[in-house]
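**Student:** Give me coordinates for this.
(chains A and B)
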2 protein chains.
Amino acid sequence: MSVNSLEKPVTIAQIASEAGVSASAISSFLNSRSYGIRLSAETQRRVLDACRKRNYMPKSESAMRLLYPKLGNVCFLLNSAVPSGVQNEYFGPMLSGVLESLADPTESVAYSLFDPDTDYTLPDAKLPQAMRNGSATRFIAASSPNPSLVSCAVQAGLPFVYLGHKLDIPGLCCIVPDYVDATKQAVHYLAGLGHMRIAYLTGPFGERLYNMTEMSYGFSEGIRECGLPMHPQYIYHCESRVGEFSKENLAAAADHLMSLNPKPTAILCFHDPAAAVISAHLQSRGYRIPRDISIMGCNDTMTAETHHPALTTIHFPLAEMGARAIEELDKRITLGGGQHEQTITLPVSLVCRDSCAAPTSDQ
Amino acid sequence: MSVNSLEKPVTIAQIASEAGVSASAISSFLNSRSYGIRLSAETQRRVLDACRKRNYMPKSESAMRLLYPKLGNVCFLLNSAVPSGVQNEYFGPMLSGVLESLADPTESVAYSLFDPDTDYTLPDAKLPQAMRNGSATRFIAASSPNPSLVSCAVQAGLPFVYLGHKLDIPGLCCIVPDYVDATKQAVHYLAGLGHMRIAYLTGPFGERLYNMTEMSYGFSEGIRECGLPMHPQYIYHCESRVGEFSKENLAAAADHLMSLNPKPTAILCFHDPAAAVISAHLQSRGYRIPRDISIMGCNDTMTAETHHPALTTIHFPLAEMGARAIEELDKRITLGGGQHEQTITLPVSLVCRDSCAAPTSDQ
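**Tutor:** This next block holds a predicted model:
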C-alpha cells in the first residue's frame, strides 16, 4: 500500500459514505474483531474494499491487520494430541517449509496447538489465542483435523490452508501429497522386485482419517493393477494414537506377520518410523533385512535415511507443502476473499535405499 | 493486573507527575518501542513502575505489551544456518517443551530465525520482526549464538534465555545440560565395560562453541579419572555445519578409525545422529555392533531409540530446558528487570541400550 503524503488522510466518515454503512458500524467492525459481527459478509467486504482502496490507516494494530493481513503473522496449528508435536518428523519439515517461505526472513511463525475435542463453534470455546486476538491473519494447520476450528476460521474470513488432510469446508484450501499414488507406487515397486506376498501395516481398523483411507485405497489398487491376489491376512491394523504407533504394538505386529504360514516376503509400513521399529525388532529376532524380509516405509522422513539398513520409502514433499501453503495464503489475500475452495495434490516419488530386495527362493 | 472499575482510569498526566517525567516523553516511550530511546534506563523503569502500579491501560497494543509483558508472545529463535531448523531432533524437543509450558494452552510461540553473521548492534540491522514490532515480549534462543542479537535484546530490557550455550552477557539467563558430565559419564561407562581404546568423534578442530569445548573437556577428564592413557589418534575432528555432520564426512571418520592399528574398541560420538550414521556405515562394511565395535551416542534424541541396534547414549533434558526457560522468563517479569545473570545447569543421565558391550579378546 502506498500513501501519498500530500493527500489528506481519509476519515472513517468518508469510508462510511462510500460503503453505505454508518461510521459507528465500521468502527465497531474494525475494532472489535468479533466473529459474531452484525454486518453481513457482503457489507464487510464493501467496508474492507473501501478502506483498502483509500489506504485507510486505523489507529489500532488489530484493525490494521484486519485491513492489511500481511501485517499479521502466519499461524501454524497442530493437534495437541500429537504426542511429539513439532518434533514429529512429518510436521517439522512442514513448519520449516512455512518459515523458509516467508517474504521477510526476520518474520516469525506463530506456532500453536488446537484441541481435538473442543467444539470451537460453541460461544464459550476458546479459540487459539493468535486467532482470538487477531495477531495472526493467515492460518496453516496439519495433523488430525478438528473441523469445527477450521469452520470458525473460514467463516470469519481468515485465509486457511490445511496440510495433509482434505476437509469439505467451503473456502478452505487443502494441500495433500498424492496418498493414493504413494502406496500404489510402493506396491508396484515391490511387485516389480518379485514380491507376491506383501504385508501392509496401517492404522486402527475403522479409522476414517483421509491419509489412511487414501493410502489403503492406493495399496488395494496397486495389488489389483499388479495382478496379485489380495491376502487379507497380510493386512495388519495397528493401534495408534494420532498416527503414532507404540513400540510394543509394532513389535506385536511384526511377530504376528512373521508367524504366518506362508510368511510375507515384504512389509510395507504406513510411515517410516513404524518401518524402522519393525525393522529393528525383526533384526533383534535374528532376521536379516532385506535378505530375509524386505521392509519399506513411507514419507521419506529423517528416520528412513539414518536407519540401518537405510529404508526404501516414498518421498512426500513435506517442506514443499509448507511453502505452497504460503503461496496459496498470499493468493487469497491478494485476490480477496472469494471462494477458492480447492485441493492441491502434490506428487510423491520412490526413493530406493537398502531395505528391500528381490525375494529369495527359500522365503 | 486488576482494575477497580469504580476508580477513574489513571491518566498519562498523573503517571508523568508520579514518575517526574513529561507526559510527552512517556507517551513517546510507550508508543515508539524504539530501542534508541532518549529516557535513561532508570527513568524508563520509573515510568514502567508508575504505570504498572496504577494499572495504566494505554490504547495501543504494543504499549500494553511493553507494560504487561505476559500479554505478548514468547519468541523461540534459531540460527538460520541450522540446516534442519526446528525439525532438528535437538531443538524440536526444546520448542515443544516451551509450548507445553505456556500458562494458556491456546497461546502460540513465535518461531523465528536469526542470522549468524549480522551485527545486530548496527543501526540498519534488521532485528527479528517479533522483537522489532514488540509482538513478542520474552525470548528464548538455541543453536550457535549470535551474541550481538542477544546483547541488543538484553540491553532493551527484554527477558531472554539462551538454551544450550553460555554467553557472558549481563542480565542473560543461560540454561545448559551438564555437558562436562555427559562425556565424563560416557567414558566412565565404557571404561567400566572394559574399553581401553575409546575413540571420540567431535566437531571441527578449533571450534569454540560452548557445548563442544565442554564436552571435549569432559571426555579428557573422564579418560584421566578412569586412569586410561589419552591416545590422540582416537580423537577425530569431523567437519560440520552448525553441529550437523555430512554422511560422507562421518563415513570417512568411521573408515579412518577402523583402519588404525590397534583399532578403537568403542566410538563415542558427539551426538546421536552422528552415532547412527557411523553405526549404519560400519554395519554396511560388515561390522557387527556391539560385537565388533561399541558405538555410543549423546543427547538421547529419537534417532537413538529407533536406530538398530538402539543406541546407548546420554540423556539431555531438552524438553525440560524449554520448560525451565518459561519459568525463568516469568520470574524475570514478575521480579522486574534487575540483574539475574545466571547459568542454570541441568543434570544428564546414562541410557543403556544395545550398541555397547564389553570388548572381546579378539578386538
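
**Student:** interface residues of the stretch 251-363 of chain A facing chain B?
**Tutor:** For the stretch 251-363 of chain A, the residues in contact with chain B (Cβ under 8 Å from any Cβ of the partner chain) are A:273, A:276-277, A:279-280, A:283-284, A:302-303, A:306-310, A:354. Glycine gets a C-beta too; all of them are placed from N, C-alpha and C.

**Student:** For PyMOL, write the selection for the buried entries among these.
**Tutor:** Restricted to buried positions by 16 or more other Cβ atoms under 10 Å in any protein chain shown, the PyMOL selection for these reads:
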select buried, chain A and resi 273+276+277+279+280+283+302+303+306+307+308+309+310
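
**Student:** Give me the pLDDT value at the closest residue in space to A:Ser246 that isn't next to it in sequence.
**Tutor:** Leaving aside its chain neighbours, A:Ser246 sits nearest to A:Glu239 (7.6 Å; criterion: Cβ to Cβ, 6 or more residues apart in numbering or on different chains). In this prediction, A:Glu239 carries a pLDDT score of 85.

**Student:** Contact partners for A:Glu239?
**Tutor:** A:Glu239 is in contact with A:204, A:245-246, A:249, counting by Cβ atoms under 8 Å, 6 or more residues apart in numbering or on different chains.

**Student:** Could you look up the SS state of the residue in the stretch 151-300 of chain A that chain B sits nearest to?
**Tutor:** Proximity of the stretch 151-300 of chain A to chain B (Cβ to the nearest Cβ) peaks at A:Ala280, 3.8 Å away. State at A:Ala280, reduced to three classes by DSSP: H, G, I helix; E, B strand; the rest coil: helix.

**Student:** mind listing what the closest residue to it other than its chain neighbours touches?
**Tutor:** Once flanking residues are discounted, A:Ala280 sits nearest to B:His308: 3.8 Å by Cβ to Cβ, 6+ apart. For B:His308, the contact set (Cβ under 8 Å, 6+ apart) comprises A:276, A:279-280, A:283-284, A:307-308.

**Student:** Check the residues you listed and tell me the two furthest apart.
**Tutor:** Greatest spacing in the contacts of B:His308, by Cβ to Cβ: A:Ser284 and A:His307 (13.7 Å).

**Student:** so who does the residue of the stretch 151-300 of chain A closest to chain B touch?
**Tutor:** Listed by Cβ under 8 Å, 6+ apart, the contact set of A:Ala280 reads A:307, B:306-310.

**Student:** tally of neighbours for the nearest residue to A:Ile15 once chain neighbours are set aside?
**Tutor:** Distances taken as Cβ to Cβ, 6+ apart place A:Ala50 nearest to A:Ile15, at 4.9 Å, with adjacent residues excluded. The number of residues packed near A:Ala50 is 20, by other Cβ atoms under 10 Å in any protein chain shown.

**Student:** Would you mind confirming that A:Ala50 is in contact with A:Ser17?
**Tutor:** No: assessed by Cβ atoms under 8 Å, A:Ala50 is found out of contact with A:Ser17, at 9.1 Å.

**Student:** on that earlier part again, name the member of the contacts of A:Ala280 with the shortest distance to B:Ile198.
**Tutor:** Nearest to B:Ile198 out of the contacts of A:Ala280 is B:Pro309 (Cβ to Cβ; 18.3 Å).

**Student:** Please verify my assumption that the closest one contacts B:Arg353.
**Tutor:** Yes: the criterion here is Cβ under 8 Å, and B:Pro309 meets it with B:Arg353 at 7.1 Å.

**Student:** Report the residue ranges of every domain in chain A.
**Tutor:** The record's domain parsing of chain A by automatic domain parsing lists A:12-67, A:179-316.

**Student:** Go ahead and flag the most central residue of chain A.
**Tutor:** Among the residues of chain A, the one closest to the centroid is A:Leu163, at 2.3 Å (Cα atoms, centre = their mean).

**Student:** any idea how far that one is from A:Ala141?
**Tutor:** From A:Leu163 across to A:Ala141, the span is 7 Å (Cβ to Cβ, to the nearest Å).

**Student:** if I look at the residue nearest to A:Ile15, how far off is A:Leu30?
**Tutor:** Where A:Leu30 is concerned, A:Ala50 sits at a distance of 11 Å (Cβ to Cβ).

**Student:** And for A:Gln233?
**Tutor:** Distance from A:Gln233 to A:Leu30, by Cβ to Cβ: 63 Å.

**Student:** Point out where chain A drops to low pLDDT.
**Tutor:** Within chain A, the stretches with pLDDT under 70 are A:1-7, A:32-38, A:335-341.

**Student:** Mind jotting down where the strands sit in it?
**Tutor:** Along chain A, the segments classed as strands by DSSP state E run A:73-79, A:109-114, A:136-142, A:160-163, A:173-177, A:198-202, A:235-237, A:266-269, A:294-296, A:313-315, A:342-346, A:349-351.

**Student:** No further questions, thank you.
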